[in-house]
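**Q** let's see this in three dimensions:
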Amino acid sequence: MNSLFFFFYTLILSVVYLIALPFLFFYSFKPKYQRSIPARFFLWKNKPFKPNGVWFHSCSFGEAKAIKPLVDALPEESLRMSTTTQTGFDAIRDYTQESRYLPFEPLLFFWMKPQKALVVMEAEFWYLLFALAKRKGAKTLLINARMSDRSFPKYQKMAWLYRQIFKHIDEVYAQTSQDKERLESLGANNVTVTGNIKLSKLPSPTKQLKKPEGLLLCGASTHEGEEALVLAAYHALKKQEGSVRLLLVPRHPERFDKVTQMAEAFTEAHGLSMQRYSQNEAIESDIVVVDMLGELVNLYAISDIVILGGAFEPIGGHNASEAAQFRCKIISGKYYFNQKDIFEAVEGIAVVEASNLSKRLLQHALLKPAKIKVRTDITPILKSIETALER
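**A** The predicted model follows:
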């Protein structure tokens, strides 16, 4: 361990923490952060893990769901789960009672207990998380690691920091060969290409929904600025095919009310009907705003066409394989830079400019149902974790 770097990194973050305390206290009253900030920065109702388990850390709801194949293959009593977001926490607490918000790094000195392994998902590069876990005897793994075309130049500018972080990571499992090269250039060692673990075992429906008559369009995982595009495209298709219905599924729960208000104004202006899914799961209206988490795979199972959000704005895209497993026709924007490997593994995705969405949707009869071409083998990751458990 580079003692000088360790000391100054800890000192700087501790000073930042003290300065930020009044602001953190203020933001802790906002609905979006009212659970995560008290837990992460004040350790409120956030007791340490039991020792000697396998600690999985992921950030978002999607990442937390993606690690399920690994979680399912391990004894439940060994599981320790952490996250930094409220939606991520909603996902991990289904796996084990040993689920926590990850404390801000300087607080890990008081909070962290020795574990058999630390398994971190994708791009959660927390220096003290890796350094302290390794100091306490954990085998450290970075899985599903990626470096997109968009983010890699930013990482290169901070290469000195990532070289210090990678000194404390025993094994790295990358999504692609290009990711491996980029990670190694930043100091990563023992890098293995396994593919995207989101393609190892796809989530199955948790309930069977009744598909309404006519065409069912799903605007999935939409972000700010994308709902208006989806509504405009739906309106054009509605004039062509009167029986079509729209499922509008915002990505983040804090936007549910805003999107609902937008849909209400839209339906009122065009003489259509709408409903909130949380109030009625029967799809009876022209537009259904899906204001519940964890329902998307159930909706994909009955959808004919999916407009996949997160790529019509420069966000990075979302996992197309979950819809492709049901042979939905999929339309995406061009900004899918965080999902390149999944898009390459799925055949039939129509990628369009935002300005051409309505035109492409009107030509949906020419689209091919999407199909998954390859799957990911997570056996090397599992073997590594099991080896750590046996120590």
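**Q** surely P369 touches C328?
**A** Yes. Between P369 and C328 a contact is recorded at 6.7 Å, counting by C-beta atoms under 8 Å. Bear in mind the C-beta positions are built from the backbone N, C-alpha and C, glycine included.
**Q** these two: which has the busier surroundings?
**A** C328 (25 against 14; other C-beta atoms under 10 Å).
**Q** phi, psi for the more buried one please.
**A** phi -70, psi 150 (degrees, to the nearest 10).
**Q** which ones are touching it?
**A** Counting by C-beta atoms under 8 Å, 6 or more residues apart in numbering, C328 touches 218, 300, 303-306, 369-370.
**Q** mind doing that once more with 6 Å?
**A** 303, 306 (C-beta atoms under 6 Å, 6 or more residues apart in numbering).
**Q** in terms of pLDDT, where does it sit?
**A** Per-residue pLDDT puts C328 at 98.
**Q** what of the one 3 residues further on?
**A** Looking at I331, its pLDDT stands at 98.
**Q** by contact count, what packs against the one helix or strand it maps to?
**A** In this structure, I331 sits in strand 329-332 according to DSSP states H and E. With contacts taken as 3 or more C-beta pairs under 6 Å, 6 or more residues apart in numbering; DSSP states H and E, strand 329-332 sits against strand 305-308.
**Q** now with 8 Å?
**A** strand 305-308, strand 350-351, helix 357-362 (3 or more C-beta pairs under 8 Å, 6 or more residues apart in numbering; DSSP states H and E).
**Q** and after that strand, which helix or strand comes next?
**A** Next along from strand 329-332, by DSSP H and E: helix 340-345.
**Q** may I have that next one as PDB, with CA atoms only?
**A** What follows is helix 340-345, C-alpha atoms only, in PDB (Å, rounded to 0.1, in the frame of the first residue of the first chain):
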ATOM      1  CA  LYS A 340     -22.500  -1.500 -26.800                       C
ATOM      2  CA  ASP A 341     -21.700  -5.100 -26.000                       C
ATOM      3  CA  ILE A 342     -25.300  -6.000 -25.300                       C
ATOM      4  CA  PHE A 343     -26.500  -4.300 -28.500                       C
ATOM      5  CA  GLU A 344     -23.900  -6.300 -30.400                       C
ATOM      6  CA  ALA A 345     -25.300  -9.500 -28.700                       C
END
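**Q** which parts of that helix are buried?
**A** 340-343, 345 (16 or more other C-beta atoms under 10 Å).
**Q** for those residues, point out the one with the lowest pLDDT.
**A** D341 (87).
**Q** got the buried residues of helix 340-345 as CSV, with distance to K210 columns?
**A** Shown next, in CSV, are the buried residues of helix 340-345 (distance: C-beta to C-beta, whole Å):
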residue, distance to K210
K340, 36
D341, 35
I342, 29
F343, 31
A345, 31
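**Q** now, which of the residues you listed sits nearest R100?
**A** Nearest to R100, judged by C-beta to C-beta, of the buried residues of helix 340-345 is I342 at 28.9 Å.
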